[in-house]
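> Sequence and predicted structure, then a few things I'm wondering about:
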Amino acid sequence: MSGIPAEIQDVGSTAQKLAQNPAFDPLRAGLSTEDYFVWSRFDGTTSLKDLLLMTGFPVEHAIAIVKRLRGLGAILLPGENPQTMAARAKPPEAAPARPASQPIAKQPPRDPDPPTVPRARTGPIPQQPRPPSSPMPAQPPPPDPPTTLDNPTAEEKAALAEASELGAPERTLILAMQRRMKLGDPWALLGVPRGSDKKALKRTYFKLSKDIHPDRYYGKKLGSFAARLSEVFEAISHAYADLTEDKTDERPMNVHDQQAQTPAEYATELFERACAQEVAGAPAEALKIFDAAIRVDGQARYLKRAAGCALAANEPRVAEDYAKKAAALEPQDPSTQRLLARAFRAAGKLPLAEEVLLMAMQIRTENDVLAKELRTDLAEVRRLLARSQGY
């Protein structure tokens, strides 16, 4: 499977707009970081198809996460509520009753003092007193994100007053988090007491990432807050990673420190930043970061996402370059070949687009949606060819 299917088993149509289940506790369910990332994207206004594309994961992987979340009761279909979701849960089966025809056999009385085993002592064995059991301490809720901005600077006042689709609480939160970033202290940035355990850090990070992740504001006009969001999200992610690593010293750490990263890790970080810029409506800036990621690690996933971004930014030559490299890495993936055909078509190279689509249709695929898309693309390319030739 390479394209987005029209239906997903146990979930339904990908045109549906699903929402989070407010009664679901992601920490108690033990969600992984990827699971939580996808779950936090469900807002009730974005179609499942668009959400799968926004994740940046391979389609099969993203669908598997969605199905897992659905099975856990983490997401609601249109018309569902927490009560109907709870009713879907299967109650635990009761232990089977003992058949009446099989009465419990009486055991013979046990000799308290067998004659062959003399007792070593007489009288009852003294019992050691048990220490009183202490109840498990309740986990404190994660601290609330900052909601006020005392004595705003001229720059902050201008940001609060600029034209943007963000509400005042969201603007205040982002600006307050930027203030915390300047302290260079990851504990202060996350808003947790120094020395908090990993569980408290995880709860706080999940809450902040849900409020601040750029994908939450996909499609909105954010003005200067598009870059601010990406900067803050990157900072809290670094802070959480730094504080949850096993370290032998307690020295303060700068949230901007780039500790020894492998090239692949650095490329992944760049790729995620580029995706955030793309969904925030800044494709030109996203392309620059995509290019940097690909220079470090030119894997097919990065190339395909960059090609799609270039097409959206009306940069057909750039899209063609990325799509060619991706197609060379995945010659038997019809969806990658379709992307190359789209790039050729955008560049006005209709004969090449037709040739690639014909080859893609020869590749065996079980994805009926993708097969239909290939046929539709081929018909459109041939229509454009006929028109250009005066037919």
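The structure has been received and is ready for your questions.

> show me where the stretch 251-391 of the chain has helices.
Counting by DSSP state H, counting those that start in this stretch, the stretch 251-391 of the chain has these helices, from start to end: 263-279, 283-296, 300-312, 316-329, 334-346, 350-362, 368-388.

> count of residues packed around the closest residue to Leu303 other than its chain neighbours?
Of all residues not flanking Leu303 in the chain, Ala326 sits nearest, at 3.9 Å (CB to CB, 6 or more residues apart in numbering). All C-beta spots, glycine's among them, are computed from the backbone N, C-alpha and C. Using other CB atoms under 10 Å, the number of residues around Ala326 comes to 28.

> OK, contacts around Ala326?
By CB atoms under 8 Å, 6 or more residues apart in numbering, the residues touching Ala326 are 300, 303-304, 307, 336, 339-340.

> Can you tell me which of the residues you listed is closest to Leu51?
Checking the contacts of Ala326 against Leu51 by CB to CB gives Lys304 as the nearest, at 18.0 Å.

> Contacts only, for that closest one.
Lys304 sits in contact with 322-323, 326, 336, 339, where contact means CB under 8 Å, 6+ apart.

> Report the two of those residues separated the most.
Top of the distance list for these (CB to CB): Tyr322 and Thr336, 10.8 Å.

> higher neighbour count, the two?
Per other CB under 10 Å, whichever of Tyr322 and Thr336 has more neighbours is Tyr322, with 29 against 23.

> Just give me the neighbour total for the closest residue to that one other than its chain neighbours.
With CB to CB, 6+ apart as the criterion, Tyr322 has its nearest non-adjacent residue at 3.9 Å, and that residue is Ala307. The tally of other residues near Ala307 (other CB under 10 Å) stands at 28.

> ok now do Ala307, which residues does it touch?
So Ala307 contacts 318-320, 322-323, 326, 339, 343 (CB under 8 Å, 6+ apart).

> If we only consider the residues you listed, which is nearest to Leu69?
For these, the nearest to Leu69 is Leu339 (27.9 Å; CB to CB).

> In contact with that closest one, which residues?
304, 307-308, 323, 326-327.

> I figured Leu358 hits Arg375, correct?
No: at 10.9 Å, Leu358 does not count as touching Arg375 under the criterion of CB atoms under 8 Å.

> ok, back up a step: per-residue confidence for the residue nearest to Leu303?
We have a pLDDT of 93 for Ala326.

> swap in Asp368?
The model's pLDDT for Asp368 equals 81.

> re earlier: deepest of the helices of the stretch 251-391 of the chain, which one?
helix 334-346 (a mean of 24; mean count of other CB atoms under 10 Å).

> and it, what's its mean pLDDT?
Mean predicted confidence for helix 334-346 is 93.

> Pull up the gap between the residue nearest to Leu303 and Pro263, please.
19 Å (CB to CB, to the nearest Å).

> This protein: strands as residue ranges?
All strands of the chain, identified by DSSP state E, fall at 7-8, 12-13, 17-20, 43-47, 75-76.
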